[in-house]
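K.L.:
my questions are about this predicted structure, shown below with the sequence.
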Amino acid sequence: MDGPILLLVVIFAVAVSGFAKRLDLQVPLVLVTVGSIASFVPGVPHVSLSPELILGVVLPPLLYSAALDFSFVTFRRNLGQILRLGLVMVIVTTVVVGWFANLLIPELTLGAALVLGAVVAPPDAVSAIAVGRKLGLPSKMMAILTGESLVNDAAALTLFTLAVASVTGSRIELGSPVLFFGYEIVGGVLVGLVLARIVRFVRKHIADSALETVLGLVLPFAAYLAAEEIHASGVLAVVTAGFVLGRITADVSVSTRVQERQVWPTLELLLEAFVFAYMGLQLKFVIEEVQREGLPVHHVFAYALVVLLVVMFVRPVWIFANSGRDMFFRRLFRRRAPRETGLTWQQNLVLSWAGMRGVVTLAAAAGVPLTTVVGDEFPGRAVIQAVAFVVAVGTLLFQGLTLPLLIRRLDVADPLEQQRNDNQRLLAQAIARTAAEGYLQHAAKEGVAGVDRERVADVIERVRRSVLARLTADETEEREKRIAAAGALFDSLRHNVLVAQRAALIAARDSGELEDEALRAVLNGLDVEEIAAQARIARRKM
């Protein structure tokens with residue numbers, strides 16, 4: 001696709017997103033709908049990207065950004081449910097859809113039908129997470145949806161590779177599908193871990209927030225390409241790198257964290273707008289591809305609608321079957337019941353309905369090869385692309401439109417969640433207050449070299465009042481005036497207090513006393529204050 005056309009699509013997507021947000025509409029649904037209509041406008045060119053470009057350029061930053069903001073502790077705590085959805089359910093969906101499509105669609109062999117199953121298996125949780133965040137889904141449900149979105153693409157793309165190899169007769173690495181699957185997982189995780197450690201080491205020693213941010217921007221692409229180069233999972237490499245770089249530590253530059261909190265949401269917004277507009281713009285050309293193959297369009301799209309229903313049916317059956325099994329075992333082994341109860345049936349129903357497909361489905365469908373190793377045409381390639389498009393857009397429109405209504409109608413709120421969040425917030429404030437008092441007491445006792453003790457005591461008292469005002473969320477103009485009017489000693493002490501607070505909070509998180517979410521919430525405010533203190537100190541040195 002030509003560069004100017006690509007830029008026009010980006011501008012178009014951003015403009016439509018802006019109007020949709022202003023009208024309080026769901027941006028993904030509006031973009032897909034408008035894009036589908038625009039594809040039939042005379043003169044609109046075929047907007048086509050290679051699957052490698054979508055998977056290697058568009059997907060990595062979206063996955064990396066999600067992993068950066070997602071707590072690995074939360075991921076590990078919900079690992080069982082995440083793997084059941086992001087891994088096992090992808091396999092189940094692939095097999096069920098493949099078996100059903102083989103019976104339903106005469107153009108597909110069993111192998112080609114399994115390729116279709118792998119193509120439509122991975123849900124894209126972008127729109128579901130956006131709706132859930134807006135309507136206040138419980139944090140456990142948001143964690144499961146986010147965690148699922150981070151691993152299901154890797155599982156689906158691996159199954160897609162195996163299914164395509166079985167149809168085309170091409171050779172897979174390591175020969176055994178099981179060994180290949182394990183190699184993809186282990187290799188991807190190791191590549192992401194190694195590259196993230198290298199980037200963290202370099203960022204620690206260059207002390208330049210602009211360069212540190214650039215390294216962070218390059219990392220997801222490098223991780224994906226490096227993993228794919230050795231035939232491992234690029235998706236898992238990106239996710240692992242995001243987890244490692246997203247973990248807040250005492251040696252991470254504050255200015256870099258503040259910059260990345262602005263850069264990644266902006267890039268994520270841009271790419272998501274482009275992705276959904278791109279999906280809609282494929283409609284006319286999917287129809288033309290079916291017609292070129294000499295297939296009856298209405299038959300193919302009828303098949304696609306039936307497959308769409310199967311895809312939408314598999315997820316709730318799988319989720320409720322697992323929920324029933326978990327409930328049975330909890331009742332059978334009451335003494336071994338986990339501390340956290342499972343989801344309610346209302347929450348499971350919402351989770352079941354949050355199975356919208358996205359751009360990975362379209363990219364995988366476009367990546368189906370034209371021919372086999374012996375030169376035969378790939379069976380039903382045009383049908384696979386048409387069905388994939390209907391499933392992706394159909395789930396997005398049908399489930400995406402009804403998901404907010406379902407959330408509002410069902411009582412999915414966790415009555416204890418607000419209490420837990422408040423307790424964590426109070427604990428974080430107490431830890432920060434204790435760290436601040438400890439440093440100030442040390443400074444009052446030991447003094448500051450070259451400064452009169454009475455002056456130090458006066459400034460320490462002002463710093464103490466400033467800290468207490470910050471920890472009780474008294475963001476008043478009076479406090480800002482006091483800080484602005486303080487001298488170099490005040491700023492220096494205030495900076496040191498913030499450093500001590502951050503170190504204490506991170507230590508509490510590392511010991512398991514404090515959760516990542518509470519840590520991030522408190523550090524966001526401390527980081528802004530530390531940046532301001534550093535800027536004032538730097539100006540005085542000039």
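P.N.:
The structure has been received and is ready for your questions. Numbering: from 1, shown residues only.
K.L.:
okay, now L498: neighbour count?
P.N.:
Using other Cβ atoms under 10 Å, L498 has 27 other residues around it. To be clear about C-beta, it is placed using only N, CA and C from the backbone, and glycine gets the same treatment.
K.L.:
and the spatially closest residue to it that is not a sequence neighbour, what element?
P.N.:
Ranked by Cβ to Cβ, 6 or more residues apart in numbering and with sequence neighbours excluded, the top spatial neighbour of L498 is E530, at 4.5 Å. Using DSSP states H and E, E530 sits in helix 516-541.
K.L.:
helices of the stretch 101-250 of the chain, residue ranges please.
P.N.:
Using DSSP state H, counting those that start in this stretch, the helices found in the stretch 101-250 of the chain span residues 110-120, 126-135, 139-168, 177-206, 209-229, 234-246.
K.L.:
in the third one, what's buried?
P.N.:
Going back to what we said before, that points to helix 139-168. Buried residues in helix 139-168, counted by 16 or more other Cβ atoms under 10 Å: 139-168.
K.L.:
quick check: mean pLDDT of that helix?
P.N.:
Averaged across helix 139-168, pLDDT comes to 91.
K.L.:
swap in stretch 513-533?
P.N.:
Computed over stretch 513-533, the mean pLDDT rounds to 76.
K.L.:
so who does L305 touch?
P.N.:
V390, G394 (Cβ atoms under 8 Å, 6 or more residues apart in numbering).
K.L.:
what's the distance between it and R22?
P.N.:
According to Cβ to Cβ, to the nearest Å, L305 and R22 sit 33 Å apart.
K.L.:
if I look at V258, how far off is N524?
P.N.:
From V258 to N524 the distance is 9 Å (Cβ to Cβ).
K.L.:
with F70 instead?
P.N.:
Distance from F70 to N524, by Cβ to Cβ: 16 Å.
K.L.:
and those two? Which one has more around it.
P.N.:
The neighbour comparison of F70 against N524 (other Cβ under 10 Å) goes to F70, with 22 against 12.
K.L.:
start to end distance for stretch 351-358?
P.N.:
17 Å (Cα to Cα, to the nearest Å).
K.L.:
what's that stretch in contact with?
P.N.:
Against stretch 351-358 from outside (Cβ under 8 Å, 6+ apart): 120, 122-128, 132, 141, 144-145, 275, 279, 311-312, 315-316, 319-320, 343, 391-392, 395-396, 399-400, 402-403, 406.
K.L.:
out of these, which end up buried?
P.N.:
For the contacts of stretch 351-358, buried by 16+ other Cβ under 10 Å: 120, 122-128, 132, 141, 144-145, 275, 279, 311-312, 315, 319, 343, 391-392, 395-396, 399-400, 403, 406.
K.L.:
measure V497 to L519 for me?
P.N.:
The gap separating V497 from L519 is 17 Å, by Cβ to Cβ.
K.L.:
which one of these two is surrounded by more residues?
P.N.:
Ranked by neighbour count (other Cβ under 10 Å), V497 and L519 place V497 first, with 28 against 22.
K.L.:
can you check the pLDDT for that one?
P.N.:
Per-residue pLDDT puts V497 at 77.
K.L.:
again with S65
P.N.:
Reading off the model, S65 has pLDDT 89.
K.L.:
before we move on, the earlier item: in a markdown table: the helices of the stretch 101-250 of the chain, plus distance to V88.
P.N.:
Formatted as a markdown table, the helices of the stretch 101-250 of the chain follow (distance: least, Cβ to Cβ, whole Å):
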| stretch | distance to V88 |
| --- | --- |
| helix 110-120 | 14 |
| helix 126-135 | 19 |
| helix 139-168 | 9 |
| helix 177-206 | 13 |
| helix 209-229 | 23 |
| helix 234-246 | 16 |
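K.L.:
where does the stretch 401-542 of the chain dip in pLDDT?
P.N.:
418, 440, 443, 445-491, 532-542 (pLDDT under 70).
K.L.:
repeat that for 50
P.N.:
Confidence mapping of the stretch 401-542 of the chain against pLDDT under 50 gives the ranges 473-479, 481-486.
K.L.:
that one: helices as residue ranges?
P.N.:
Applying DSSP H, counting those that start in this stretch to the stretch 401-542 of the chain gives helices spanning 417-446, 453-471, 477-485, 488-510, 516-541.
K.L.:
E272 against V126, yeah?
P.N.:
Yes. Contact criterion Cβ atoms under 8 Å: E272 and V126 qualify, at 5.9 Å.
K.L.:
list the residues that contact both of these two?
P.N.:
Counting by Cβ under 8 Å, 6+ apart, the contacts common to E272 and V126 are P28, L62.
K.L.:
give the contact list for G234.
P.N.:
Going by Cβ under 8 Å, 6+ apart, G234 touches L55, G56, P60, G188, A223, Y224, L225, A227, E228.
K.L.:
buried subset of these, written for PyMOL?
P.N.:
To isolate the buried ones among those in PyMOL, judged by 16+ other Cβ under 10 Å, type:
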select buried, resi 55+56+60+188+223+224+227+228
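K.L.:
quick one: which of the contacts of G234 is nearest to R325?
P.N.:
Nearest to R325, judged by Cβ to Cβ, of those is G188 at 29.6 Å.
K.L.:
quick one: pLDDT of that closest one?
P.N.:
You'll see G188 listed with a pLDDT of 94.
K.L.:
check the gap between V522 and A428 for me.
P.N.:
Applying Cβ to Cβ, the value for V522 to A428 is 4 Å.
K.L.:
any common contacting residues for these two?
P.N.:
Common neighbours of V522 and A428 (Cβ under 8 Å, 6+ apart) are L505.
K.L.:
neighbour count for these two, which is higher?
P.N.:
Counting neighbours by other Cβ under 10 Å for V522 and for A428 shows that A428 has the greater number, 25 against 22.
K.L.:
that one contacts A521, doesn't it?
P.N.:
Yes. Here A428 reaches A521: they are 7.4 Å apart, a contact under Cβ under 8 Å.
K.L.:
tell me the average confidence for stretch 210-218?
P.N.:
The average pLDDT within stretch 210-218 is 89.
K.L.:
name the element the spatially most central residue of the chain belongs to?
P.N.:
Centroid-nearest residue in the chain, with Cα atoms, centre = their mean: A66, separated by 2.6 Å. Assigned by DSSP H and E, A66 belongs to helix 59-68.
K.L.:
pull the next helix or strand after that helix out as PDB, backbone CA atoms only.
P.N.:
Following the chain from helix 59-68 toward its C-terminal end, the next helix or strand by DSSP H and E is helix 72-77. C-alpha atoms of helix 72-77 as PDB (Å, rounded to 0.1, in the frame of the first residue of the first chain):
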ATOM      1  CA  PHE A  72       2.800  -9.400  36.700                       C
ATOM      2  CA  VAL A  73       1.700 -10.300  40.300                       C
ATOM      3  CA  THR A  74      -1.900  -9.900  39.100                       C
ATOM      4  CA  PHE A  75      -1.200 -11.900  36.000                       C
ATOM      5  CA  ARG A  76       0.300 -14.700  38.200                       C
ATOM      6  CA  ARG A  77      -2.600 -14.600  40.700                       C
END
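K.L.:
in helix 72-77, what counts as buried?
P.N.:
T74, F75, R77.
K.L.:
ok, these vs W99, which is closest?
P.N.:
For the buried residues of helix 72-77, the nearest to W99 is F75 (31.8 Å; Cβ to Cβ).
K.L.:
what about the closest one, distance to D516?
P.N.:
From F75 over to D516 the distance is 10 Å, taken as Cβ to Cβ.
K.L.:
E417 touches L137, doesn't it?
P.N.:
No. Counting by Cβ under 8 Å, E417 does not reach L137; the two are 10.1 Å apart.
K.L.:
these two: who's more crowded?
P.N.:
Neighbours were counted for E417 and for L137 using other Cβ under 10 Å; L137 has more, 24 against 13.
K.L.:
quick check: that one vs I248, distance?
P.N.:
According to Cβ to Cβ, L137 stands 24 Å off from I248.
K.L.:
just V47 next, same as before
P.N.:
From V47 to I248 the distance is 39 Å (Cβ to Cβ).
K.L.:
compare neighbour counts for the two and give me the winner.
P.N.:
Of the pair V47 and I248, V47 is the one with more neighbours under other Cβ under 10 Å, namely 21 against 18.
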